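Asks: Next one to model:
(one chain, ligands or ions: 1)
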Amino acid sequence: MGRQRRSRVHKAQRDVHRAARTRVRTRDLDLIQHNDLQPEERAKLENQPIDEEKPGLGQHYCVECAKYYETDIALKTHRKTKVHRRRLKDLRDPAYTIEESERAVGLGRDNGKDRINAEINAKVGDKAGEAVQDAKMADAA
Ligand SMILES: [Zn+2]
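Replies: Numbering: from 1, shown residues only. Just a heads-up that it's a prediction; the model follows:
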């Protein structure tokens with residue numbers, strides 16, 4: 001039988017974790033959602049000035065994925081890929097907020113009390129609104 005194990009050969013010792021930390025890392029989803037996807041910001045990103053430092057001179061940028069492409073064809077094919085579609089789906093969910101993280105550890109205000117108060121207020125508000133309307137109707141008549 002030949003050797004089956006391939007995991008500890010020298011060429012397998014690429015530092016994939018480092019690559020994932022730095023090179024592959026892109027803009028955070030909440031930043032994209034709150035800034036980049038705004039119409040004027042998006043237009044700015046899609047029509048960037050020529051920049052020799054960026055891939056493809058910074059002319060082919062995918063706003064959702066925060067990535068530069070070398071050519072227009074590369075960008076167009078990218079938009080059809082699974083990676084891009086998955087990104088679109090992720091962006092459709094609301095961004096992670098500080099409030100959400102506080103709620104997760106139980107610091108939030110969502111302990112039921114506020115919600116009940118809001119419901120009571122809404123009901124009272126409705127009643128008051130009706131009363132005002134009735135009064136107006138009476139005045140008109
Ligand atoms: Zn994309």
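Asks: Could you give the separation between the terminal residues of stretch 72-89?
Replies: Its first and final residues considered, stretch 72-89 spans 23 Å by Cα to Cα, to the nearest Å.
Asks: Okay, now the unreliable bits of the protein?
Replies: In the predicted model, the chain carries pLDDT under 70 at residues 1-24, 95-96, 107-121, 123-141.
Asks: which bits of it sit near the ion?
Replies: The chain has residues 62, 64-65, 84 near the ion, with proximity defined as Cβ under 5 Å from the ion. C-beta coordinates here come from the backbone N, C-alpha and C atoms, glycine included.
Asks: Strands along this protein, start to end?
Replies: For the chain, the strands defined by DSSP state E occupy 60-62, 67-69.
Asks: now, of those strands, which is deepest in the fold?
Replies: strand 60-62 (a mean of 20; mean count of other Cβ atoms under 10 Å).
Asks: who's in contact with that one?
Replies: 45-46, 48, 67-72, 74-75, 78-79, 84 (Cβ atoms under 8 Å, 6 or more residues apart in numbering).
Asks: which residues in the chain form helices?
Replies: Under the criterion DSSP state H, the chain contains helices at 16-21, 29-31, 39-46, 72-79, 82-92, 98-104, 113-140.
Asks: Quickly note the distance from Tyr61 to Lys82.
Replies: Distance of Tyr61 to Lys82, computed by Cβ to Cβ, to the nearest Å: 20 Å.
Asks: hmm, I was thinking of Lys54
Replies: Lys54 sits 25 Å away from Lys82 when distances are taken as Cβ to Cβ.
Asks: got it, and Ile50?
Replies: Spatial separation of Ile50 from Lys82 under the definition Cβ to Cβ is 31 Å.
Asks: Out of the residues of the chain next to the ion, which is nearest to Arg27?
Replies: Comparing the residues of the chain next to the ion against Arg27 with Cβ to Cβ places Cys65 closest, at 8.7 Å.
Asks: So what's the residue count around that closest one?
Replies: Per other Cβ atoms under 10 Å, the neighbour tally for Cys65 reads 20.
Asks: Surely it touches Lys82?
Replies: No - counting by Cβ atoms under 8 Å, no contact exists between Cys65 and Lys82, whose distance comes to 11.9 Å.
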